[in-house]
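In: model this:
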Amino acid sequence: MRKKIGQDARMVHVAYAMTDKQGTYSKYIGTSIYSLFARTDAWVTVHLLHDETLTEQNRDYFIELARSCGQQMFFYNMAELCQDILQEAREIFKEAVDTDYYTPAALYRILAARVLPKNVKRLIYLDADTIVNMDIRKFWEIFMDNHPIGAVGERDLMNHYQRQVDKSIDEKLYLFKNSWTDSDSCFNSGVLIMDLERLRNMGDILLPGLQFLVQHQDECQFFDQDILNYFFSRDYMHLPWNYNILQHWDRKWGEPELREGIYHYMGRTLRLNFADPRDSVFYEAFVHTPWCNAEYICKSLIVTRDVISGNIHKNNELNRRAAAVWGRRRRVFVGPKENEEKLREMFFLQDVEPYVALEEGWEKTGLHLPYDLSTHVYVFFLDTFPELRKQLEEAGWQEWEDFIDGKALILPRPAHLLDEYRIFMVM
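Out: A predicted model of the protein is given here:
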């Protein structure tokens with residue numbers, strides 16, 4: 001017979017939080033849960049903090065997943081259990097609770113101590129976009145040294161990657177720049193271990209945290225994270241860097257092999273590149289979940305087809321529009337010097353058609369655009385085109401008449417199109 005939660009001190013308690021308005025987000029959590037179950041022989045209880053957007057089918061899938069792995073799962077409808085406090089939260093700072101970008105699920109982790117049974121005294125919290133590549137029991141048994149929570153500090157991550165790349169990493173990469181914490185003390189809240197007894201003794205921190213954020217709206221980007229940093233950045237257990245491996249950094253500076261730890265696909269950094277172990281470890285877990293079924297496979301093929309054909313159609317339209325413009329004027333291409341030969345070949349530039357080759361550091365010296373707009377049209381191949389567009393329009397230039405974004409005329413490789421497209425989220 002299964003033991004009840006809290007009855008066995010060896011039971012590992014893990015929480016996830018979700019809002020799933022389209023019904024397509026649950027599979028991320030399901031994939032993370034499978035990766036968690038697959039790498040431990042410990043008994044695990046998953047506590048899912050959800051709301052009314054959890055569909056019956058997705059609920060059944062979660063139950064099926066837990067049963068198939070011999071583990072257990074409990075559901076907490078936070079919209080009902082915390083109705084009063086969430087309503088107060090909306091009245092204090094609605095933008096931190098209900099926007100297109102930000103949902104109340106981000107705040108549920110702060111309310112976990114309020115809704116979980118009192119005999120659950122310690123809790124691991126994982127964001128939905130994580131993959132557990134370690135035995136979660138090792139994380140569970142970590143010594144917290146009387147701290148209320150444990151997290152991976154931003155500085156700890158930066159120090160690790162500085163050793164890997166042996167160069168300075170710009171301070172702008174830090175997620176936190178505000179008045180109540182700094183790059184040495186702040187942490188990412190996507191992976192936490194929480195002393196629920198200490199948190200319960202503190203009482204409510206959500207409403208005071210929101211009231212504080214109202215006074216610092218210009219400094220707040222990640223509301224739940226900002227609240228937790230406000231209360232705990234000076235008093236938290238610093239976890240090893242690999243307990244929250246941020247994918248956007250690890251792809252740039254990490255080692256090619258997977259590390260023991262928890263991979264965090266923050267910022268939609270999951271790709272469709274099975275040759276990259278950071279991607280394959282996700283899909284290897286996903287295929288073992290109930291969400292990977294015939295319906296998913298069929299939808300994935302349809303979406304892939306539509307993404308590629310839609311982008312081809314859009315690219316053809318833009319190129320026809322560009323051809324109509326430079327059919328009346330001579331083209332002037334502007335781009336990095338090293339790209340001249342490739343762009344001349346790609347666009348069949350004649351020798352008499354000018355190419356303004358930019359040397360490294362051109363941003364400081366400025367652009368030299370010598371050709372008359374009455375006879376020439378400028379085609380820019382610059383990553384900074386959005387900023388340049390604004391400057392040119394302020395100077396009276398007209399897009400698609402006097403200048404064109406040349407990079408928009410180049411059709412990316414299909415693999416790149418699908419990498420950038422949130423294809424997995426659609427289905």
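
In: Could you say which helix or strand holds the closest residue to F380 other than its chain neighbours?
Out: Leaving aside its sequence neighbours, F380 sits nearest to V334 (Cβ to Cβ, 6 or more residues apart in numbering; 5.0 Å). Every residue, glycine included, has its C-beta placed from N, CA and C. Following DSSP states H and E, the helix or strand that holds V334 is strand 330-336.

In: quick one, what contacts the residue nearest to F380?
Out: Y355, V356, L358, L367, L369, Y378, V379, F380, F381, L382 (Cβ atoms under 8 Å, 6 or more residues apart in numbering).

In: can you pull up the bridge partners for it?
Out: V356, F380 (DSSP bridges).

In: can you point me to the longest strand in the protein?
Out: Ranked by number of residues, the top strand in the chain under DSSP state E is strand 187-195.

In: how distant is that one from the center of its chain?
Out: Relative to its parent chain, strand 187-195 has a centroid offset of 16 Å by Cα atoms, centre = their mean, to the nearest Å.

In: model confidence over that strand, on average?
Out: Averaged across strand 187-195, pLDDT comes to 94.

In: So which residues make contact with whichever helix or strand comes after that strand?
Out: Sequence-wise, the next helix or strand downstream of strand 187-195 (DSSP H and E) is helix 196-202. The contact list for helix 196-202 (Cβ under 8 Å, 6+ apart) reads 112-114, 116, 118, 120-123, 148-149, 205, 231.

In: Output helix 196-202 in PDB with nothing but the alpha carbons.
Out: This file holds the C-alpha atoms of helix 196-202, laid out as PDB (Å, rounded to 0.1, in the frame of the first residue of the first chain):
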ATOM      1  CA  LEU A 196       8.100  25.100   4.400                       C
ATOM      2  CA  GLU A 197       8.000  25.200   8.200                       C
ATOM      3  CA  ARG A 198      10.100  28.400   8.200                       C
ATOM      4  CA  LEU A 199       8.100  29.900   5.400                       C
ATOM      5  CA  ARG A 200       4.800  29.200   7.300                       C
ATOM      6  CA  ASN A 201       6.200  30.900  10.400                       C
ATOM      7  CA  MET A 202       7.000  34.000   8.300                       C
END
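
In: and after that helix, which helix or strand comes next?
Out: Next along the chain from helix 196-202, counting by DSSP H and E, comes helix 206-214.

In: Mind giving me the packing neighbours of that next one?
Out: Using 3 or more Cβ pairs under 8 Å, 6 or more residues apart in numbering; DSSP states H and E, the elements in contact with helix 206-214 are helix 83-93, helix 223-232.

In: My reading is that L301 is in a strand; is that accurate?
Out: No: under DSSP: H, G, I helix; E, B strand; the rest coil, L301 falls outside any strand and is assigned helix.

In: Can you give me the separation between it and N319?
Out: According to Cβ to Cβ, to the nearest Å, L301 and N319 sit 27 Å apart.

In: Check the offset of the strand holding V334 from the chain's centre.
Out: So, by Cα atoms, centre = their mean, the centroid of strand 330-336 is 36 Å from its chain's centroid.

In: Helix or strand: which one has the residue most central in space within the chain?
Out: Centroid-nearest residue in the chain, with Cα atoms, centre = their mean: G267, separated by 1.7 Å. Here G267 is covered by no helix or strand, with elements defined by DSSP H and E.

In: Before I go, just wanted to say thanks for your time.
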